[in-house]
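> Quick check, what structure comes out for this input:
(one chain, ligands or ions: 1)
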Amino acid sequence: MAKNYKIRVEYLKQLRDMFENYLDDPMVERDYIRIDMLIERLENDFKQEPNEDGIISQLGYDFVHWQEFRRYYPKLIKFYSDGLYFSEAVSPGFKDVKISNEDTVMLAREFFAKQGDFFVNHFDEFLEDDSEESIEFFAPSNNFVEETTFMHTTGDRFLLAADHPNIVKLTAFVHEGEHIIDNVANPDFFENTAIRETTAMFMELIATDYFNNLFGLSEQNLLRQYELLSIVKSDTIDAIVRNKMLKIYRKNRYYTPEHIYKKLTKKFNKGYVDWMADYSIYNLYNYQIPYLIAIELYKLYQVDRDKALNVLIDIILNGTPENIFALLAKYGISVNKHSHQYEDELCLKLGI
Ligand SMILES: [Zn+2]
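Sure, this is the predicted structure:
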């Protein structure tokens, strides 16, 4: 019988009720906030409420964490100014390929098995554990974004996948599946949001090639890679603007919120300033530096597959935002080294 992947909201509510009794424990409180937000998203068809606190309090929050991100800034600037320019994400027309939910899970498992025992064994641990009620496929929409979430105190994991009518269903599932693997292997790594996308983005890149070949398709891998590049690269513009906003905030932070808002809207379009309230510096950076690392690992994978996968395991087990560049340097990997070349090759192959 075909598997019916569905996350049961009643079960999530039971978890939430249970967490509610132990909110003085910070670990439980974190799980409570997570499950509460997940329930809200599921019950509201993923519609998100705008950030009511507004841009000034968001900048105040970012200002505290700014220092952590500033070291990444030169790398972002180089990525932004080198190679292709995207003002927004592109959506290529993918060839229709019908893949059932059950096949998606099975094919992703096969893909992980090809990458080695470390990956497939951790993925199996998740699959053996009531996966029918831990996975659900949703129709792609503007509101819905794939996600993986994890409850520290109970070990519950949930994978929200998108039901794309093409191979992106598989590659995006592999991305989320890698988050699950990382989470089973080292829950702390999953909390390192500044770098956790590294492994998932790398796995998705190699999955594009794998599934393109498996299905005998042509160029679907390149198109998905081009789409990912455009998504990440167009977001660097927002990250750069956020840095500029934070400079304005730093200079004016002892003045009233109205005064700071006036300064911001003098320099930037009001709609844009308000829109930026929904994004913290975390959302903006979290995919960009990890993507640049993933590109380096992707290039390494083409010439030395085992080494690339070993670096990946080292990152999952030992990587932190503080040591990530030193960890990569140990293997002779540095960010920004191949990204321009990667873009050139992608364009050449696509004839752009
Ligand atoms: Zn991700």
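
> And Q67, how close does it get to the ion?
According to Cβ to the ion, to the nearest Å, Q67 stands 24 Å off from the ion. (Glycine included, C-beta is placed from N, CA and C.)

> That residue: neighbouring residues, count only.
8 (other Cβ atoms under 10 Å).

> What pLDDT does the model give it?
For Q67, the pLDDT comes out at 85.

> thinking E219 is in contact with G351, fair?
No. Using Cβ atoms under 8 Å, E219 is not in contact with G351; the gap is 9.6 Å.

> the more surrounded of these two?
Set E219 next to G351 and count neighbours by other Cβ under 10 Å: E219 wins out with 16 against 7.

> residue contacts, that one?
Contact analysis of E219 by Cβ atoms under 8 Å, 6 or more residues apart in numbering lists N212, K349, L350.

> Can you classify the residue nearest to E147 when sequence neighbours are not counted by secondary structure?
Nearest residue to E147, sequence neighbours excluded (Cβ to Cβ, 6 or more residues apart in numbering): L160, at 5.0 Å. Assigned with DSSP: H, G, I helix; E, B strand; the rest coil, L160 falls in the strand class.

> Tell me how far the residue of the stretch 51-200 of the chain at minimum distance from the ion lies from E322.
Proximity of the stretch 51-200 of the chain to the ion (Cβ to the ion) peaks at A200, 4.4 Å away. Counting by Cβ to Cβ, to the nearest Å, the separation of A200 from E322 is 20 Å.

> cool, and E343?
In this view, E343 and E322 are 29 Å apart by Cβ to Cβ.

> Neighbour count for those two, which is higher?
Each of E343 and E322 has its neighbours counted (other Cβ under 10 Å); E343 has more, 19 against 13.

> How about that one: what's its closest non-neighbour residue?
Nearest non-adjacent residue to E343, counting by Cβ to Cβ, 6+ apart: G83, 4.1 Å away.

> Tell me who's in contact with that neighbour.
G83 is in contact with S339, H340, E343, D344, counting by Cβ under 8 Å, 6+ apart.

> For the stretch 151-300 of the chain, what lies in contact range of the ion?
E197, A200 (Cβ under 5 Å from the ion).

> can you pull out the helices in the stretch 151-300 of the chain?
Taking DSSP state H, counting those that start in this stretch to define them, one finds helices in the stretch 151-300 of the chain at 168-185, 187-191, 197-214, 220-252, 257-267, 270-275, 281-285, 288-303.

> Packed most tightly, which of the ones you listed would that be?
Highest mean neighbour count among the helices of the stretch 151-300 of the chain (mean count of other Cβ atoms under 10 Å): helix 168-185, with a mean of 25.

> elements contacting that helix?
Helix 168-185 sits against helix 101-115, helix 117-127, strand 147-150, strand 157-162, helix 187-191, helix 197-214, helix 305-318, with contacts defined as 3 or more Cβ pairs under 8 Å, 6 or more residues apart in numbering; DSSP states H and E.

> Tell me how far Q225 lies from F202.
From Q225 to F202 the distance is 12 Å (Cβ to Cβ).

> How confident was the prediction at K47?
At K47, the pLDDT value in this model is 86.

> what do you get for the one 5 residues further on?
Among the per-residue scores, E52 holds a pLDDT of 73.

> re the thing from before, please name the residues that touch the residue nearest to E147.
By Cβ under 8 Å, 6+ apart, the contact set of L160 is I7, E136, F138, F144, E146, E147, T148, T149, E176.

> any idea how far A207 is from it?
18 Å.

> what does P140 give?
Taken as Cβ to Cβ, the span from P140 to A207 is 17 Å.

> before we move on, what about F268?
Taken as Cβ to Cβ, the span from F268 to A207 is 38 Å.

> same deal with Q115?
10 Å.

> Next: I324.
Separation of I324 from A207 (Cβ to Cβ) stands at 22 Å.

> which one among the contacts of E219 gets closest to the ion?
Within these, proximity to the ion (Cβ to the ion) peaks at N212, which comes in at 20.7 Å.

> That closest one touches Q225, doesn't it?
No. Counting by Cβ under 8 Å, N212 does not reach Q225; the two are 9.9 Å apart.

> returning to what we had before: surely the residue nearest to E343 forms part of a strand?
No. Counting by three-state DSSP, G83 is not part of a strand but coil.

> Report the separation between it and Q288.
Distance from G83 to Q288, counting by Cβ to Cβ: 14 Å.

> K267 too?
Taking Cβ to Cβ, one finds K267 at 23 Å from Q288.

> With D53 instead?
Note on D53: its distance to Q288, by Cβ to Cβ, is 24 Å.

> now swap in R8 and tell me
R8 is 35 Å from Q288, by Cβ to Cβ.

> do A200 as well
Separation of A200 from Q288 (Cβ to Cβ) stands at 14 Å.

> T154 too?
32 Å.

> V241 too?
Plainly put, V241 is 13 Å away from Q288 if you go by Cβ to Cβ.

> now do K349
Distance of K349 to Q288, given as Cβ to Cβ: 23 Å.
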